[in-house]
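Asker: the sequence isn't on hand, but the structure is:
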RNA sequence: GGCGGCGUGGCCAAGUGGCUAAGGCGAAGGUCUGCAAAACCUUUAUUCAUCGGUUCGAAUCCGAUCGCCGCCUCCA
């Protein structure tokens, strides 16, 4: 299996440090607001990578941090005149609600910055001891010039960075590129006690401290959006490797942006849709399929039409899966599928093994659907074990890895009485049809459609689905 | 200014040296149906931004040109 590593700029063979264990850290949200679908792309794609590693029988430990103290949170707490912890709590809860709706599996651990102040302080002390950090009037900075590998992830050279620097003016810094490890508290800001006085952690240090605490000094995969390469991930490497002397992360993965009209979707540009808003109009499956149909490293120019077309595709896959299940419950024996299922499995895995080429892997699933759908609709009985094999593969790929099939069990539970009432209406409609009273028949069907119940007239009578 | 990425059918998007350029959506025609829905069948790029070059052979490598985007500052 190959993964593109930002560190080398190439695809590399994936060899975890301690197979079959894989440690995977993803930069998570700053909980100051609802996240948008650009952020959602990272959450969903990392979820899918994690699921695929599980599919490959790796024992994955997946961590995603929650940044629950930072400038934007403080700003919001001032604006709303509530504690910064209240702001963080509110949006942490919102984050969990939203990723659940996006069908993102819960991480093994969600470390929070404010719950790791002690570890952060210890890490900064180590950096001071190694002369990689210096204190200046209550702030502590990382001394970029003392870390030889600075710039190795982003491919930037120190002198070039300095010449074009647009960094904040701060006389306390020795070098404009030095970044804060610890920030002195200003009046009215929340703070924690430290050897340098009251203050709070800088943005980058939490990821280093928490990743090393929960996953170890060296981990396998560290991921995030493209915009985190510099300076965030570059700084994480400097801090972590400066302190431990060991490689921080073996593979660095970065996601392309979600654009609108070819511009990056971002809070500051105001051109964003929250995941919550999108989920009011579309299913999680549609959004997941949309993301899967573009390679994760490339940009994705979002539009409502694109999501609409992904929604159709997702429906097609779900319809197919439902039909497979229906045929299976019908107990007769018949012909097996006239396909080589293993060939599809091999192609699916080959695509995923090639740096998570999900567009190609999805295409393999559509190919499978195409080559079995005819038999599925036309044969009145199929071989049960053949059905089971196809169903098993679809479950392993489209459900367990991709999460793009809406299953019956996710739909509102209907009582037996509801079922009987619907069947009663279907029977009345069937009689109306026999009497050629199509006006009445259509009235019943339209009425049920309006209630979210769609009817399907087949050879063996009418069936229904609840949307 | 420095660094990086991209330009493939109506829309989206794989493919990065050699079988007829995947797949999805859309569109057109057909099968089924009272009509639908779903499903199935057929059609839909002699061509991969443009121009040169390398090669027996290029969408894929090299050069130039045009266009678009990102990072260098908080940002997934």
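Answerer: Arrived safely. Note that this is a predicted model, so its numbers are computed, not measured.
Asker: would you agree residue A:213 falls within a helix?
Answerer: Yes - judged by DSSP: H, G, I helix; E, B strand; the rest coil, residue A:213 forms part of a helix.
Asker: if I look at the closest residue to it other than its chain neighbours, what pLDDT would I see?
Answerer: Distances taken as CB to CB, 6 or more residues apart in numbering place residue A:119 nearest to residue A:213, at 5.3 Å, with adjacent residues excluded. For every residue, glycine as well, the C-beta is placed using N, CA and C. At residue A:119, the model reports a pLDDT of 97.
Asker: so is residue A:119 in a helix, a strand, or just coil?
Answerer: Per three-state DSSP, residue A:119 ends up helix.
Asker: same question, residue A:322
Answerer: helix.
Asker: look at it and report its pLDDT.
Answerer: pLDDT, read off for residue A:322, is 89.
Asker: burial check on it, number of neighbours?
Answerer: For residue A:322, the tally of surrounding residues (other CB atoms under 10 Å) stands at 15.
Asker: ok, now which ones touch the residue nearest to residue A:213?
Answerer: Going by CB atoms under 8 Å, 6 or more residues apart in numbering, residue A:119 touches A:209-210, A:213.
Asker: so among those residues, which ones count as buried?
Answerer: Those of the contacts of residue A:119 that meet the buried threshold are A:209-210, A:213, by 16 or more other CB atoms under 10 Å.
Asker: beta-bridge partners for the residue nearest to residue A:226 when sequence neighbours are not counted, please?
Answerer: Nearest in space to residue A:226, with sequence neighbours left out and distances taken as CB to CB, 6+ apart, is residue A:254 at 4.9 Å. Legend: beta-bridge partners of residue A:254 under DSSP bridges are residue A:224.
Asker: distance between the helix or strand harbouring residue A:207 and the chain's centre?
Answerer: Element membership for residue A:207 (DSSP states H and E) is helix A:205-215. Centre-to-centre, helix A:205-215 and its host chain are 20 Å apart (CA atoms, centre = their mean, to the nearest Å).
Asker: also stretch A:133-148?
Answerer: 34 Å.
Asker: would you quantify the distance from residue A:10 to residue A:251?
Answerer: 11 Å (CB to CB, to the nearest Å).
Asker: again with residue A:309
Answerer: Separation of residue A:309 from residue A:251 (CB to CB): 33 Å.
Asker: hey, where'd the helices end up in the stretch 301-450 of chain A?
Answerer: Along the stretch 301-450 of chain A, counting by DSSP state H, counting those that start in this stretch, helices occupy A:304-329, A:341-353, A:358-378, A:384-394, A:416-434, A:438-450.
Asker: partner strands of the next helix or strand after the last one, with direction?
Answerer: Meaning helix A:438-450. Remark: after helix A:438-450, the chain's next helix or strand is strand A:453-458, criterion DSSP H and E. According to DSSP bridges, strand A:453-458 forms sheet pairs with strand A:461-466 (antiparallel).
Asker: could you give the angle of the partner strand to helix A:438-450?
Answerer: With axes from the mean of the first three to the mean of the last three CA atoms, to 10 degrees applied, the angle from strand A:461-466 to helix A:438-450 works out at 30 degrees.
Asker: quick one: buried residues of strand A:461-466?
Answerer: Applying 16+ other CB under 10 Å to strand A:461-466 flags A:462, A:466 as buried.
Asker: same question for stretch A:337-355.
Answerer: Residues of stretch A:337-355 classed as buried by neighbour count (16+ other CB under 10 Å): A:337, A:339, A:341, A:344-345, A:347-349, A:351-353, A:355.
Asker: before we move on, what about stretch A:134-147?
Answerer: Neighbour counts over stretch A:134-147 (16+ other CB under 10 Å) mark A:134-136, A:139-144, A:146-147 as buried.
Asker: stretch A:108-116 too?
Answerer: The neighbour-count criterion (16+ other CB under 10 Å) identifies A:110-114, A:116 as the buried residues of stretch A:108-116.
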